[in-house]
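Asks: I would like to see how this sequence folds:
(one chain, ligands or ions: 2)
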Amino acid sequence: MSDNRQIKIFDTTLRDGEQSPGASMNLVEKLEIAQALIDLGVNVIEAGFPIASPGDFEAVQQIASNFRGAEICGLARSNERDIDRAWEALKGAHDPRIHVFLATSAIHREFKLKMSPDEIIERAVAGVKRAKGYCDNIEFSPEDAARTEIDFLCRVVEAVVDAGATTVNIPDTVGYATPEQMGKVIDSLVNRVPNMDKAVISVHCHNDLGLAVANSLAAIDNGAGQIECTINGIGERAGNASLEEVVMAIRTRNDAYKYETSINTQRLVPTSRLVSTVTGLHVQRNKAIVGRNAFAHEAGIHQDGMLKERSTYEIMRPEDVGFANTDLVLGKHSGRAALADRAKTLGFTLSGEQLQSVFIEFKKLADRKKDIYDGDIASLIEMEILGATEKEWALVSYNVDINFGQTPKISVTLSRGDEEKSVQLADGSGAIDAAFLAVEKITGIGLTCKEYSVRSTSLGHDAVGEVSLQAEYEGKTYRGRAATTDCVEASIIAILNATNRAIVANR
Ligand code: KIV
Ligand code: ZN
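Replies: Ligands and ions are numbered 1, 2, ... in the order given. Next up is the predicted model:
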């Protein structure tokens, strides 16, 4: 057995990750991500902030009662209402954890909380004790710890550990710390807090200066035993430490970082894809570990080296992080077994029912396009599994007549249950504008488009086009996404997807 120290991976994609602007997720999407996190092997899932909204509460409750294999955590400010609500959501969990936080830095004490240092300690201790009345597994975070005076931070940590905190998390809330500083903070806690051996030290780094991963690694080098991170590094502002980067740094440079994690690294790319699809936050091509170009060698001299000996230019194997070999193409004659096998390689585990509905869509796609690549299949599966979870309006048919330099003419028919409605318009600056106007005319929901993108999921000009958009309705942002070989059709479905979310949210 290796004597490497085990580091706990605490995933906060569903909580801090959801705080990324425009990344809010619905219940079905959160459950799908929770399953992916379990399959990935994270130790703790922070499922949400139960007091924040009824939707957050329900998501934490459902995840707590339906998933085993990881501790399920809910966030609460250090007050009775928050903590009681968090427990209400978490109590069905097999292994619940309440995460209580209170800001400790001078800036927050003075300007936000208007509380003295002693009052802060009193409130923190009261919060931990209240939570401890519900369960044993309590995490406490002194918010903005990295900017808190070290003497005061040591006092707070000692007090909350005495009150029963089993994990003390050190957040660099504003992403201001440097690796040296973060290392020193953890070292001071280890060496100066007399009861530090009674709790695990955790670290939670934001990425405002691009240092979140480096700061997290410096923390474990100085005694931290847990890293809080998110898939694709999403999160408040510039995001959190990226889970895939932390995990692969530890694994690839095990000579330098003598630690271990429980992560099944082959699930990193599928989980990254899922989170990107669900949140609408695209992963940049050159993103470390999971970016599309992370293993693409462009320069001739590199390609030559790779052919002679992979290790000349490759420090990790793409298959180790879950990039599947994309050479295998499926088509019209491929059967259900081949599709199931391909789905598995891409990281999706489909139930019999899901496989059947994906297979029907696969056959329709095969009629429209000869070669079906991994990107097309992943997109089909994501559409079928996540698809339009808010079942309101659906597209029945459409027709657009566009002539160069002229106003488009569009006719659209939509259905909702047994009801069918059609509209015909000659309006808009182009096909997509006309589609927005037609959908608005039928549904009565006028979205303001904030972002619209279309990209191909695979090779060739017959590729599936994936449309994703963000649109505003009554001050809130809604996402829409769809993928078909016809970009206008995909656009209308994506508009309907966002419209349906707006309808459900405004009921
Ligand atoms: O960044 C932060 O300080 C947080 C805490 C709630 C842990 O997200
Ligand atoms: Zn945070």
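
Asks: do you know how far the residue lying closest to residue 435 once chain neighbours are set aside is from residue 280?
Replies: The shortest distance from residue 435 to any non-neighbouring residue, by C-beta to C-beta, 6 or more residues apart in numbering, is to residue 492 (4.9 Å). To be clear about C-beta, it is placed using only N, CA and C from the backbone, and glycine gets the same treatment. With distances taken as C-beta to C-beta, to the nearest Å, residue 492 is found 18 Å from residue 280.

Asks: again with residue 471
Replies: 11 Å.

Asks: Could you give the bridge partners of the closest residue to ligand 1 within the stretch 201-350 of the chain?
Replies: Relative to ligand 1, the nearest point of the stretch 201-350 of the chain is residue 204 (4.9 Å; C-beta to the nearest ligand atom). Under DSSP bridges, the beta-bridge partners of residue 204 are residue 171, residue 228.

Asks: count of residues packed around it?
Replies: Here the count is done by other C-beta atoms under 10 Å, and residue 204 has 30 residues near it.

Asks: dump the residue contacts of it.
Replies: 12, 16, 141, 169-173, 228, 240-241 (C-beta atoms under 8 Å, 6 or more residues apart in numbering).

Asks: and those residues as a markdown table, adding distance to ligand 1?
Replies: What follows is the contacts of residue 204, written out as a markdown table (distance: C-beta to the nearest ligand atom, whole Å):
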| residue | distance to ligand 1 |
| --- | --- |
| 12 | 7 |
| 16 | 5 |
| 141 | 4 |
| 169 | 6 |
| 170 | 9 |
| 171 | 3 |
| 172 | 7 |
| 173 | 3 |
| 228 | 7 |
| 240 | 8 |
| 241 | 11 |
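
Asks: Most neighbours out of those, which is it?
Replies: For the contacts of residue 204, neighbours tallied by other C-beta under 10 Å; top is residue 240, 35 neighbours.

Asks: Give me the nearest residue to it, chain neighbours excluded.
Replies: That would be residue 230: by C-beta to C-beta, 6+ apart, it lies 4.5 Å from residue 240.

Asks: That neighbour and residue 8: what is the separation?
Replies: Going from residue 230 to residue 8 by C-beta to C-beta gives 15 Å.

Asks: Identify the residue of the stretch 401-507 of the chain closest to ligand 1, quick one.
Replies: Nearest residue of the stretch 401-507 of the chain to ligand 1 (C-beta to the nearest ligand atom) works out as residue 477 at 21.0 Å.

Asks: Can you give me the neighbour number for that residue?
Replies: 20.

Asks: Enumerate the positions of whichever strand or helix holds it that are buried.
Replies: With elements taken from DSSP states H and E, the one containing residue 477 is strand 476-484. For strand 476-484, the neighbour count (16 or more other C-beta atoms under 10 Å) marks 477-484 as buried.

Asks: swap in stretch 15-23?
Replies: Result for stretch 15-23 [16+ other C-beta under 10 Å]: buried residues 15-20, 23.

Asks: same question, stretch 70-85
Replies: Buried, per 16+ other C-beta under 10 Å, within stretch 70-85: 70-78, 82-85.

Asks: for stretch 349-365, same thing?
Replies: Of all the residues in stretch 349-365, those buried under the rule 16+ other C-beta under 10 Å are 350, 355, 357-359, 361-362, 365.

Asks: same question, stretch 431-450
Replies: Residues 431-432, 434-443, 445-447 are the ones in stretch 431-450 that count as buried (16+ other C-beta under 10 Å).

Asks: One more: stretch 186-193?
Replies: Those would be 186, 188-189, 193, for stretch 186-193 by 16+ other C-beta under 10 Å.

Asks: Near ligand 1, which residues of the stretch 101-250 of the chain are found?
Replies: Within the stretch 101-250 of the chain, the positions lying close to ligand 1 (C-beta under 6 Å from any ligand atom) are 101, 141, 143, 169, 171, 173, 204, 206.

Asks: Wait, the fourth one touches residue 141, no?
Replies: Yes: with contacts counted by C-beta atoms under 8 Å, residue 169 reaches residue 141, the gap being 4.2 Å.

Asks: shared neighbours of the two, which are they?
Replies: 99, 204.

Asks: Quick check: residue 281 touching residue 234?
Replies: Yes: using C-beta under 8 Å, residue 281 makes contact with residue 234 at a distance of 5.6 Å.

Asks: Comparing these two, which residue is more hemmed in?
Replies: residue 234 (24 against 20).

Asks: Tell me the spacing between that one and residue 175.
Replies: Per C-beta to C-beta, residue 234 is found 14 Å from residue 175.

Asks: returning to what we had before: out of residue 471 and residue 280, which sits in the more crowded spot?
Replies: Between residue 471 and residue 280, residue 471 has the larger neighbour count (other C-beta under 10 Å), namely 25 against 20.

Asks: Sticking with the more buried one, tell me its helix or strand.
Replies: Residue 471 belongs to strand 465-473, assigned by DSSP H and E.

Asks: tilt between that strand and strand 476-484?
Replies: Interaxial angle of strand 465-473 relative to strand 476-484 (axes from the mean of the first three to the mean of the last three C-alpha atoms, to 10 degrees): 160 degrees.

Asks: So for residue 293, what's the pLDDT?
Replies: You'll see residue 293 listed with a pLDDT of 89.

Asks: wait, what's in contact with it?
Replies: Applying C-beta under 8 Å, 6+ apart, the residues near residue 293 are 285-286.

Asks: Do you have the helices of the stretch 201-350 of the chain handy? List them.
Replies: Applying DSSP state H, counting those that start in this stretch to the stretch 201-350 of the chain gives helices spanning 212-221, 243-252, 268-279, 300-308, 336-345.

Asks: most tightly surrounded among those helices?
Replies: helix 212-221 (a mean of 26; mean count of other C-beta atoms under 10 Å).

Asks: Skip the chain neighbours and tell me the closest residue to residue 95.
Replies: Leaving aside its sequence neighbours, residue 95 sits nearest to residue 71 (C-beta to C-beta, 6+ apart; 4.4 Å).

Asks: isn't that neighbour right next to residue 90, touching?
Replies: No: contact criterion C-beta under 8 Å: residue 71 and residue 90 do not qualify, at 10.0 Å.

Asks: which residues are common contacts for these two?
Replies: 96-97.

Asks: the strands in the stretch 51-200 of the chain, which residues?
Replies: 71-77, 96-103, 138-143, 167-172, 200-205 (DSSP state E, counting those that start in this stretch).

Asks: Quick one, which of those strands gets closest to residue 412.
Replies: strand 71-77 (42.7 Å; C-beta to C-beta).

Asks: quick one: residue 429 and residue 437, what's the gap?
Replies: 10 Å.

Asks: Which parts of the stretch 51-200 of the chain are helices?
Replies: 54-66, 80-90, 106-107, 117-132, 150-163, 179-192.

Asks: near ligand 1, which residues of the stretch 251-400 of the chain?
Replies: Counting by C-beta under 6 Å from any ligand atom, the stretch 251-400 of the chain comes close to ligand 1 at no residue.

Asks: Where does the prediction get shaky in the stretch 251-400 of the chain?
Replies: Counting by pLDDT under 70, the ranges of the stretch 251-400 of the chain that qualify are 325-328, 386-390.

Asks: Can you tell me which of the buried residues of stretch 15-23 is nearest residue 398?
Replies: For the buried residues of stretch 15-23, the residue nearest residue 398 by C-beta to C-beta is residue 23; the value is 29.5 Å.

Asks: where does this structure have its least confident helix or strand?
Replies: Taking mean pLDDT, DSSP states H and E as the measure, helix 300-308 is the helix or strand of the chain with the lowest mean score, a mean of 78.

Asks: That one - contacts with which helices or strands?
Replies: Of the remaining helices and strands, none touches helix 300-308 by 3 or more C-beta pairs under 8 Å, 6 or more residues apart in numbering; DSSP states H and E.
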